[in-house]
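**Q** The sequence isn't on hand, but the structure is:
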């Protein structure tokens with residue numbers, strides 16, 4: 001097997017998802033939240049934070065973005081009370097925040113009230129039009145006011161009981177007083193109050209219809225200016241819509257600063273195209289190579305898909321248990337069985353599969369990330385870097401991960417088909433069932449997931465072989481392309497057309513006159529060749545060398561993938577070992593030299609001793625030795641004499657006691 005060099009992995013950096021690559025820019029009225037500014041802005045704030053949690057690659061999120069931008073512009077005057085914001089959950093750095101506040105499905109809209117803490121999850125709502133969202137925001141702010149949870153800095157959204165009460169609330173800064181008369185359930189008055197909350201020299205309050213019957217007001221809602229002499233002057237006559245009320249009040253204020261703060265909808269200087277706001281200053285994604293890769297399946301795309309899938313989409317779930325855990329296990333099983341990846345990635349999948357198979361406890365996204373990172377080694381890993389080649393889009397929000405996921409699904413079904421000639425029939429739908437389970441439980445775009453699952457209802461009736469599985473997924477993909485053709489989520493440089501094109505497979509189509517008839521035999525043959533493992537462009541292949549030319553700059557530390565970080569660490573470790581080895585050798589050399597010098601000294605001393613005349617050395621001289629010898633001889637003589645004397649004396653004593661003979 002050919003392993004990529006570090007240079008191959010370092011250069012050719014195609015895509016790093018960043019906060020600047022989201023669906024909203026600084027030119028929009030949407031406050032862009034990130035992991036760096038989320039808590040410092042949202043927590044302990046006196047505002048309500050209306051937050052969209054979205055994925056920048058999600059088609060429905062892309063489709064919803066113009067609506068959300070319109071909402072932000074229409075409620076720009078509400079910012080002292082309600083701030084419209086968004087956070088991109090496709091950004092890896094935002095993963096922990098998104099995992100905390102969103103269980104699954106994007107886009108998700110949540111409200112975090114004033115003085116929120118880290119433990120507050122906030123209510124979630126599901127409305128999607130500007131009017132519905134504004135109604136939900138208005139009602140939420142009203143409820144907080146009723147409950148006494150509204151900060152003192154907020155305008156009063158509750159109705160006045162009497163007209164005279166407005167004078168009690170008026171301050172010196174209020175040059176103008178206005179009243180909105182409306183039905184009890186109307187939202188116009190509250191929304192006008194919010195519109196004018198940034199204008200300090202006007203006080204706007206509301207009164208309900210039942211309180212105004214005695215004043216002869218018979219059309220609601222209506223707007224009146226309260227004069228200093230107690231008279232009422234009707235503004236916006238004949239108009240009952242909120243925007244006319246707001247315009248009339250700004251006309252009364254007549255100040256340049258108030259005009260600048262006007263939240264009345266205006267056409268953006270960027271203009272509109274096909275009913276969608278377009279920013280002329282929309283930054284071009286200069287992190288992407290301008291070259292267009294040949295249409296093929298790239299291993300880099302497949303690995304990037306798994307990286308995002310593992311480290312973002314699965315990791316973002318607070319709980320992975322029950323059906324989710326079963327679906328994840330089945331998906332891992334299919335990946336291990338049919339994913340035609342590099343040896344290192346395959347070993348990593350094997351490690352994850354073994355761990356997940358034996359796991360008997362309920363998982364969380366945090367545990368998942370911690371464990372998959374701990375299972376990596378030098379020869380078993382999944383790179384952290386996300387970069388696209390075949391799925392590269394003209395902007396970061398186009399193509400990318402959804403394209404990679406479709407590519408991965410096609411690759412799995414084709415691999416299952418190729419390996420399934422000797423497979424029992426009941427396993428033909430194995431790959432499709434795993435794909436369905438993932439789409440239902442983990443895929444980040446809830447609308448996309450529901451469309452896919454609705455199409456998948458027919459698989460039990462239509463899929464009876466591996467061939468059927470491959471063709472079913474191909475047909476489902478084309479249905480999705482047809483549905484999304486011309487949508488705002490479509491990449492203008494990669495139109496959503498029916499696949500394969502006539503250029504890629506001339507024999508796959510019978511006709512191309514508006515209604516395409518397919519030759520499914522040719523289509524199957526093409527799909528097997530296109531997505532087959534033997535035709536996947538490997539990462540080390542020279543065909544991607546043009547991306548290397550597009551990236552002359554160096555990557556910073558955060559752009560290094562796991563393998564590169566490991567290699568860098570090993571390089572440093574190797575350098576340290578070499579230094580220690582060198583130091584050890586120098587110490588050994590010094591020891592040898594020291595021993596050698598010692599031997600030389602002793603040799604010189606020995607030579608000197610041999611050449612010197614005999615002389616007394618040590619503790620005893622020759623005289624001392626002579627005296628010792630003399631004393632030794634004297635002692636021996638004394639001992640002999642003593643022995644002799646004792647022997648004679650003993651003998652004499654024996655004879656002295658013997659009887660005499662007569």
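**A** Right, received. Where do you want to start? Everything quoted here is computed from the prediction, not taken from an experiment.
**Q** how near is the residue nearest the centre of the chain to residue 33?
**A** The geometric centre of the chain, computed from its C-alpha atoms, lies nearest to residue 92 (C-alpha atoms, centre = their mean), at 1.9 Å. Remark: distance between residue 92 and residue 33 (C-beta to C-beta, to the nearest Å) = 15 Å. Where C-beta positions appear, they are placed from N, C-alpha and C, glycine not excepted.
**Q** And residue 136, by the same measure?
**A** When distances are taken as C-beta to C-beta, residue 136 and residue 33 turn out to be 19 Å apart.
**Q** Kindly report the same for residue 169.
**A** When C-beta to C-beta is the yardstick, residue 169 and residue 33 sit 34 Å from each other.
**Q** do the same with residue 44
**A** In this view, residue 44 and residue 33 are 15 Å apart by C-beta to C-beta.
**Q** Equivalent analysis for residue 626, please.
**A** With distances defined as C-beta to C-beta, the gap from residue 626 to residue 33 amounts to 108 Å.
**Q** Check residue 57 too.
**A** 18 Å.
**Q** same thing with residue 145?
**A** Residue 145 is 25 Å from residue 33, where distance means C-beta to C-beta.
**Q** Between these two, which is the more surrounded one?
**A** Residue environment comparison for residue 145 versus residue 33 gives the larger neighbour count to residue 33, 25 against 18, counting by other C-beta atoms under 10 Å.
**Q** and the gap between that one and residue 76?
**A** In this structure, residue 33 lies at 17 Å from residue 76, with C-beta to C-beta as the measure.
**Q** Output the below-cut-off pLDDT ranges for the stretch 551-662 of the chain.
**A** Applying pLDDT under 70 to the stretch 551-662 of the chain flags residues 551-583, 592-623, 651-662.
**Q** whoops, the stretch 351-500 of the chain was the one
**A** 360-361, 421-427.
**Q** and residue 124, what is it in contact with?
**A** With C-beta atoms under 8 Å, 6 or more residues apart in numbering as the criterion, the residues that contact residue 124 are 108-111.
**Q** Weed out the non-buried ones from these.
**A** By the neighbour-count criterion of 16 or more other C-beta atoms under 10 Å, the contacts of residue 124 include these buried positions: 108-111.
**Q** Would you confirm that residue 429 contacts residue 461?
**A** No: taking contacts as C-beta atoms under 8 Å, residue 429 lies outside contact range of residue 461: 11.2 Å.
**Q** the more surrounded of those two?
**A** residue 429 (22 against 7).
**Q** and the nearest residue to that one once chain neighbours are set aside, how many residues sit next to it?
**A** Nearest in space to residue 429, with sequence neighbours left out and distances taken as C-beta to C-beta, 6 or more residues apart in numbering, is residue 463 at 5.4 Å. Neighbourhood size, residue 463 [other C-beta under 10 Å]: 21.
**Q** In contact with residue 463, which residues?
**A** Counting by C-beta under 8 Å, 6+ apart, residue 463 has contacts 428-429, 432, 469, 472.
**Q** swap in residue 34?
**A** Counting by C-beta under 8 Å, 6+ apart, residue 34 has contacts 19, 87-88, 91, 93-94.
**Q** Start from the N-terminal end of the stretch 51-200 of the chain and give the strands.
**A** Taking DSSP state E, counting those that start in this stretch to define them, one finds strands in the stretch 51-200 of the chain at 82-88, 108-112, 124-125, 176-182.
**Q** So which of those is the most surrounded?
**A** Here the criterion is mean neighbour count by mean count of other C-beta atoms under 10 Å, and of these the winner is strand 82-88, at a mean of 24.
**Q** Partner strands of that one and their direction?
**A** Strands flanking strand 82-88 in the sheet, each with its direction: strand 31-33 (parallel), strand 48-54 (parallel) (DSSP bridges).
**Q** quick check: mean pLDDT across that strand?
**A** Here strand 82-88 scores 95 as its mean pLDDT.
**Q** Likewise for stretch 537-550?
**A** Model confidence over stretch 537-550 averages 52 on the pLDDT scale.
**Q** what do you get for stretch 52-66?
**A** On average, the pLDDT along stretch 52-66 is 89.
**Q** Ends of it, what's the gap?
**A** According to C-alpha to C-alpha, to the nearest Å, stretch 52-66 extends 13 Å from its N-terminal end residue to its C-terminal end residue.
**Q** ok, now stretch 97-106?
**A** 14 Å.
**Q** again with stretch 432-449
**A** The separation between the terminal residues of stretch 432-449, taken as C-alpha to C-alpha, is 14 Å.
**Q** thought residue 55 was touching residue 62?
**A** No: under the criterion of C-beta under 8 Å, residue 55 lies out of contact with residue 62, with a separation of 9.3 Å.
**Q** Can you give me the buried ones in stretch 326-344?
**A** Residues of stretch 326-344 classed as buried: 327-342, 344 (neighbour count, 16+ other C-beta under 10 Å).
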